[in-house]
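Engineer: Attaching a predicted model along with its sequence, questions to come.
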Amino acid sequence: MTNGKDPVIHRFEDFISSNGFPCVGAKSALVRQGLETRCYRSILRTSDDFELQRELTKFLSGIDVSSPVVRSFAAIFPDEIPSTEADFERALWDRLQSLHNLDVASGGAWADNVSEDPQSSHFSMSLGGHAFFVVGLHPAASRPARRFEYPVLVFNSHDQFERLREDRRYEKLQSVIRERDKALAGSINPMLADHGFGAAAAQYSGRKVSADWVCPFEKKELAS
C-alpha cells in the first residue's frame with residue numbers, strides 16, 4: 001500500500017488517468033480531487049450496502065453545485081466478479097435496489113427534480129434526496145471505456161451536470177468524450193443517448209440492450 005491508500009484504488013486512478021480513457025470529466029475530477037473512491041467487498045452480496053449508503057450520504061454533504069469542480073463517488077467491489085455483462089447488470093441493479101430500500105427505510109424521499117420511473121428518459125437514481133447518474137465498469141464490458149479489472153459503480157451528481165448544461169459547458173464536454181470514445185473503440189457507445197431521449201437507466205451498466213429492455217428497479221414508497 002502506498003501513502004496509506006488501497007492498491008486497488010491506485011489501479012483505478014491509474015485507469016482513469018491513462019491516455020486512452022475517454023472521460024475527460026472523470027480525469028478532471030481526479031486531478032482536482034473531486035473523485036472520492038472507496039473499496040467494498042462483493043457487488044453480488046448485500047454485505048456492504050449499509051456502509052455504502054452511509055458513505056454516499058456523507059459524500060452528499062460535500063457536493064457544491066456552484067463549484068467548478070465536479071465531484072463523483074466510485075465504489076469498487078474486488079472480491080467477486082460477475083462473468084458476463086448480463087450478470088454485472090443484474091448485480092448493479094441489485095445493489096441500487098438495496099441502497100434505495102435502505103434509503104426509504106431511513107426516511108429518504110425521492111429527488112424532486114428527476115423522474116422515479118426507470119423507463120423514463122428523465123430518470124436518475126435517488127439517494128438522500130439527491131439524484132445520481134450511475135456508471136458501471138467491470139472486466140467483461142464490451143466497451144473498452146467501461147472495462148476495468150474489478151466491478152465499479154460511479155455515482156455522478158445529476159445536479160452538477162444540470163449546472164454544466166445551464167453554463168453551456170456540458171455539450172462541449174460530451175462532444176470531446178464521444179470523440180475520444182470513438183477513437184478508443186472505433187464507434188460511439190450506442191447506449192449513450194442525448195439527455196431527454198431514451199431510457200436513462202439503460203445506460204447505467206454499459207451493456208447494449210434492445211428497445212424493449214425493462215429496468216428491474218422498483219421504486220418503494222415511504223411508510224406513512
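Structural biologist: Nice, thanks for sending it over.
Engineer: Tell me where the model's unsure across this structure.
Structural biologist: Applying pLDDT under 70 to the chain picks out residues 1-4, 161, 163-174, 176-177, 188-198, 224.
Engineer: Show me where it has its helices.
Structural biologist: Listed in chain order, the helices of the chain (DSSP state H) span 7-17, 24-31, 49-60, 85-105, 158-166, 170-185.
Engineer: Compute the inter-axis angle for the shortest one and helix 7-17.
Structural biologist: For helix 24-31 against helix 7-17, the angle between stretch directions is 130 degrees (axes from the mean of the first three to the mean of the last three C-alpha atoms, to 10 degrees).
Engineer: Show me how far helix 24-31 is from its chain's centre.
Structural biologist: 14 Å (C-alpha atoms, centre = their mean, to the nearest Å).
Engineer: Tell me which of the helices of the chain sits nearest to residue 139.
Structural biologist: helix 85-105 (8.8 Å; C-beta to C-beta). Where C-beta positions appear, they are placed from N, C-alpha and C, glycine not excepted.
Engineer: Now do that closest one against helix 49-60: the angle between them, please.
Structural biologist: Using the same axes, to 10 degrees, helix 85-105 lies at 70 degrees relative to helix 49-60.
Engineer: Tell me how far helix 85-105 lies from the chain's centre.
Structural biologist: What separates the centre of helix 85-105 from the centre of its chain is 12 Å, taken as C-alpha atoms, centre = their mean.
Engineer: Need the contact partners of that helix.
Structural biologist: With C-beta atoms under 8 Å, 6 or more residues apart in numbering as the contact definition, helix 85-105 has outside contacts at 43-44, 46, 49-50, 52-53, 56, 82, 125-128, 134, 136, 138, 140-142, 151, 153, 204-207, 215-223.
Engineer: got the buried residues for that helix?
Structural biologist: Across helix 85-105, burial judged by 16 or more other C-beta atoms under 10 Å covers 85, 87-100, 102-104.
Engineer: Dead centre of the chain: give me the residue that sits there.
Structural biologist: Central residue of the chain (C-alpha atoms, centre = their mean): residue 134, 2.3 Å from the mean position.
Engineer: So that one is in contact with residue 154, correct?
Structural biologist: Yes - counting by C-beta atoms under 8 Å, residue 154 is a contact partner of residue 134 at 6.8 Å.
Engineer: on that earlier part again, can you tell me which of the contacts of helix 85-105 are buried?
Structural biologist: When these are checked for burial by 16+ other C-beta under 10 Å, the buried set is 43-44, 49, 52-53, 56, 82, 125-128, 134, 136, 138, 140-141, 151, 153, 204-207, 215, 217.
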